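Undergrad: give me the fold of what follows.
(chains A and B)
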Amino acid sequence: GENVEQHPSTLSVQEGDSAVIKCTYSDSASNYFPWYKQELGKRPQLIIDIRSNVGEKKDQRIAVTLNKTAKHFSLHITETQPEDSAVYFCAASMGGAQKLVFGQGTRLTINP
Amino acid sequence: SQTIHQWPATLVQPVGSPLSLECTVEGTSNPNLYWYRQAAGRGLQLLFYSIGIDQISSEVPQNLSASRPQDRQFILSSKKLLLSDSGFYLCAWSPLVPYGYTFGSGTRLTVV
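TA: Numbers count the residues shown, from 1 in each chain, chains lettered A, B, ... in the order given. Predicted structure coming up:
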């Protein structure tokens, strides 16, 4: 089955700097790659996603890139702000039941 | 618009007691439904998923079970809870086409 590896497990950046989180997946049939943000005690919320027919997608300060050949995808957050502090999860899925397999999560801390 | 309801929000149960968590979705038909568990400070583990009424698949062998008695209702149960069942339980739904999950607000279960 699918396996998703996420790095780093923790990341601390200065406010205003950029943050990058990377994930690799194992199943080349995976075709959908969402990113979730989870604040303490809350539910994960979808922040951006990308499909296998697209190489890059951007939404304001957040962008995701996908390299199908290497089977990895990354989340980029620019001009980080204190409210970006949270745990971020990447995931991968493919057709059928659309089971999402999640990475282990990255705890992002933005230092003022 | 679609909404997902999950209850209760918190639950403290003694070891050996039964469990029933309920999740319902409104505003859509024939959703894919999922149960995930998140241990404290950890990632998201898929427990069960369902692509239709009475169509339940289990991802991890354990003392939990799931049922889908109606199209938009998903129930997680246990006959006898273990200490290791403690965690944050999240229900989620997705449409049939590749799309991100929407999570319920979660149930924080503590087994004592």
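
Undergrad: restricting to C-alpha, output stretch B:10-17 in PDB.
TA: Only the C-alpha atoms of stretch B:10-17 are listed here, as PDB (Å, rounded to 0.1, in the frame of the first residue of the first chain):
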ATOM      1  CA  THR B  10     -15.200  14.600  24.800                       C
ATOM      2  CA  LEU B  11     -15.600  11.300  26.500                       C
ATOM      3  CA  VAL B  12     -14.100   9.600  29.600                       C
ATOM      4  CA  GLN B  13     -14.800   5.900  29.800                       C
ATOM      5  CA  PRO B  14     -13.500   3.100  32.100                       C
ATOM      6  CA  VAL B  15     -11.600   0.200  30.700                       C
ATOM      7  CA  GLY B  16     -13.900  -2.600  29.600                       C
ATOM      8  CA  SER B  17     -16.800  -0.300  28.900                       C
END
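
Undergrad: helix or strand for residue B:37, which one?
TA: Using DSSP states H and E, residue B:37 sits in strand B:32-38.

Undergrad: sheet partners, orientation included, of that strand?
TA: strand B:44-52 (antiparallel), strand B:87-94 (antiparallel) (DSSP bridges).

Undergrad: and the helices in chain A?
TA: Residue ranges of helices cannot be listed for chain A, since DSSP state H assigns none.

Undergrad: show me which residues of it are close to chain B?
TA: Taking C-beta under 8 Å from any C-beta of the partner chain, the part of chain A that reaches chain B is made up of A:31-32, A:34, A:36, A:42-46, A:49, A:51, A:89, A:93, A:95-105. Glycine gets a C-beta too; all of them are placed from N, C-alpha and C.

Undergrad: pull out the buried residues from those residues.
TA: Members of these that pass the buried threshold by neighbour count (16 or more other C-beta atoms under 10 Å in any protein chain shown) are listed as A:31-32, A:34, A:36, A:43-44, A:49, A:89, A:93, A:97-105.
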